[in-house]
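Student: A structural model of the following input is requested.
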Amino acid sequence: MTTLHLSDFLPLQPMLRDKLSSNQRNRISFSANFEQIHSLGQEDSDSYRFSYPKDVKISYQMGIVFVSDFGNRKIALFNLFTKMFLYSIELDESPQCLAVDEDDFDNLFITLSFTKVCKLRIWLMLDDVKYTKLWERGEKAKNFRQVRQELNLDEIDLASDVETAIQQPSQEDAANSLVDSALEFYYPIGISVRNKQVYVCDSGHNRIVILSSLDGSFIRSISSFSFPLKSPPGIISSQPLFETSHLHEPWMIDFSLAGELIISEYWNGSIKILRESSSNPSQLELVCSFIPEGFLNDDQDSVNSSDLFGICPLGICIDKSRENTLRPEKIIVSSPLKNRILAFEWNSSGLVGPQKDERLKLVRSYGSFGPLYCPFGLTIDDQNGQLLVADENNHSIKIFK
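Tutor: Just a heads-up that it's a prediction; the model follows:
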């Protein structure tokens, strides 16, 4: 009998990692049929019990489903293939949303409670899980907020008065004050990683903060964008005209294959799709914006109108299965206030440009107070085309095909 040792498989690890990477993996699209095939959590008698799960993400390299278990202050780990609970990682703060860096050993990024962001490196052992916190950012913001509450300071005076109230800054502190203020978070929610950069929805500050995935250092923030104006009838302009607008409490973020940012503004009831400006890559310009033009008033699943959009979009998941196009096949959106999951496709007639109106076509609307109760984060297992949804108030993860 041949005895196999772990060392026998070590030469295969780079090949396996490349095979399961986002660039090499054969993707399968989510059908939007919403046939529930499994659930993790409350409904399974032998399963791990969640307390208000917020988000769910997948590590293909480790074969793991990560779930942010907000109420229990844990990250729960499930086997991607058997869906069996494996381990949990206890945290000091409640986890909100997750992002997996497929280009860096599937390291896990987490937004914590209301002021922090951190990066974990996780190792799976035979009967245990080990992890290291590589960096954490935003701790100072918690101290600032506590001092502001204690001193009853106005928000507008936070930058100066709180610094004075804590201590007289040294020269070194003064030199780093700009960076420190840039790394203050107020209710960070959605998080995504791309090209070694971490994008954090710093919703309370109405901006997207970009950090280095390597060490968490501040790169820049995005709080505004430009959008093209339509020329008046009868007037032809050689150069498109642009106007500036601002983000309003961004909650979730994801990327298309082409690198466009898809952002949900929960309280603004809209989704914005942004891209780097061709003239200035540090600036973003609006590709299109979707505002609700109707509400889902019935309790039946709907495919009635290409203009229909659920109020207060929250979770965003981009179906990236169609690698031969610059547009994702579907954009999946959770609408907690309507207890719905909405599946959209790009309108084939929609074009990008100052004279064009690019829109989404509603493919399917699923859910009511029965099947879903406050769906939050979601992700697609594109190895088999399954949709995983954090069903927060049902304390479970629903899996659909």
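Student: hey, let's count contacts and neighbours off CA atoms from now on
Tutor: OK.
Student: so what's the residue count around Pro242?
Tutor: Careful, residue 242 is Phe; it's not Pro. Using other CA atoms under 10 Å, Phe242 is surrounded by 15 other residues.
Student: what of Phe81?
Tutor: Each residue near Phe81 was counted by other CA under 10 Å, and the total is 9.
Student: tell me how far it lies from Gln96.
Tutor: Going from Phe81 to Gln96 by CA to CA, to the nearest Å gives 24 Å.
Student: next one: Ile262
Tutor: Using CA to CA, one gets 19 Å for the distance from Ile262 to Gln96.
Student: just Ser321 next, same as before
Tutor: Remark: distance between Ser321 and Gln96 (CA to CA) = 26 Å.
Student: what of Ser212?
Tutor: Distance of Ser212 to Gln96, given as CA to CA: 20 Å.
Student: so for those two, which sits in the more crowded spot?
Tutor: Neighbour count, other CA under 10 Å: between Ser212 and Gln96, Gln96 has more, with 30 against 16.
Student: wait, the more buried one touches Thr115, no?
Tutor: No. Gln96 is beyond contact range of Thr115, at 10.7 Å (criterion: CA atoms under 8 Å).
Student: isn't Leu314 right next to Ser335, touching?
Tutor: Yes. Counting by CA under 8 Å, Leu314 touches Ser335, with 5.8 Å between them.
Student: list the residues that contact both of those two?
Tutor: Phe376 (CA atoms under 8 Å, 6 or more residues apart in numbering).
Student: the more surrounded of the two?
Tutor: Neighbours per residue (other CA under 10 Å) separate Leu314 from Ser335, with Leu314 holding more: 29 against 25.
Student: contacts for stretch 58-77 next, please.
Tutor: For stretch 58-77, contacts defined as CA under 8 Å, 6+ apart pick out 16-17, 20-21, 50-57, 78-81, 85-98, 100, 102, 105-106, 124, 379, 381.
Student: please pick the buried ones from the residues you listed.
Tutor: By neighbour count, with 16 or more other CA atoms under 10 Å, the contacts of stretch 58-77 hold 17, 20-21, 50-57, 78-80, 85-88, 93-98, 100, 102, 105-106, 379, 381 as buried.
Student: next step: the residues you listed restricted to strands.
Tutor: When the buried ones among the contacts of stretch 58-77 are checked against strands (DSSP state E), the matches are 53-57, 78-79, 85-88, 95-98, 100, 379, 381.
Student: OK, contacts around Phe376?
Tutor: Lys54, Asp55, Leu314, Gly315, Ser334, Ser335, Pro336, Val389, Ala390, Asp391, Glu392.
Student: mind doing that once more with 10 Å?
Tutor: Residues counted as contacts of Phe376 (CA atoms under 10 Å, 6 or more residues apart in numbering) are 52-56, 96-97, 252, 313-316, 333-336, 339-341, 389-393.
Student: same question for Glu265.
Tutor: Going by CA under 10 Å, 6+ apart, Glu265 touches 201, 203, 206, 247-253, 271-272, 312-314.
Student: mind listing the strands for the stretch 251-400 of the chain?
Tutor: Assigned by DSSP state E, counting those that start in this stretch, the strands in the stretch 251-400 of the chain fall at 261-265, 270-276, 284-290, 316-319, 330-335, 340-346, 360-366, 375-381, 386-391, 396-400.
Student: tell me the angle of the third one relative to strand 360-366?
Tutor: Angle between the axes of strand 284-290 and strand 360-366 is 50 degrees (criterion: axes from the mean of the first three to the mean of the last three CA atoms, to 10 degrees).
Student: how close does the residue nearest to Ile316 when sequence neighbours are not counted sit to Ile28?
Tutor: Closest residue in space to Ile316, ignoring its immediate chain neighbours: Val333 at 4.8 Å, by CA to CA, 6 or more residues apart in numbering. Taking CA to CA as the measure, Val333 falls 18 Å from Ile28.
Student: of these two, who's got more company?
Tutor: Taking other CA under 10 Å, Val333 and Ile28 do not tie; Val333 has more neighbours (27 against 17).
Student: may I ask which helix or strand of this structure has the lowest mean pLDDT?
Tutor: helix 163-166 (a mean of 36; mean pLDDT, DSSP states H and E).
Student: can you report phi and psi for His205?
Tutor: With angles defined as degrees, to the nearest 10, His205 sits at phi -100, psi 10.
Student: and the gap between it and Leu286?
Tutor: Distance of His205 to Leu286, given as CA to CA: 20 Å.
Student: burial measure for the closest residue to Tyr266 other than its chain neighbours, as a count.
Tutor: Once flanking residues are discounted, Tyr266 sits nearest to Cys312: 4.6 Å by CA to CA, 6+ apart. Cys312 has 22 neighbouring residues, counting by other CA under 10 Å.
Student: quick one: contacts for Cys312?
Tutor: Counting by CA under 10 Å, 6+ apart, Cys312 has contacts 264-271, 291-292, 333-338.
Student: right, and the residue nearest to Ile316 touches Leu314 too?
Tutor: Yes. Between Val333 and Leu314 there is a contact under CA atoms under 10 Å: 6.8 Å.
Student: quick one: the residue nearest to Glu285 when sequence neighbours are not counted from Asn280, how far?
Tutor: Closest residue to Glu285 apart from its sequence neighbours, by CA to CA, 6+ apart: Ser226 at 4.5 Å. Ser226 sits 11 Å away from Asn280, going by CA to CA.
Student: domains of this protein?
Tutor: The chain breaks down into these domains under automatic domain parsing: 26-52+187-400, 140-182.
Student: ok, of those, where does mean pLDDT dip lowest?
Tutor: The minimum mean pLDDT among the domains of the chain belongs to domain 140-182 (a mean of 44).
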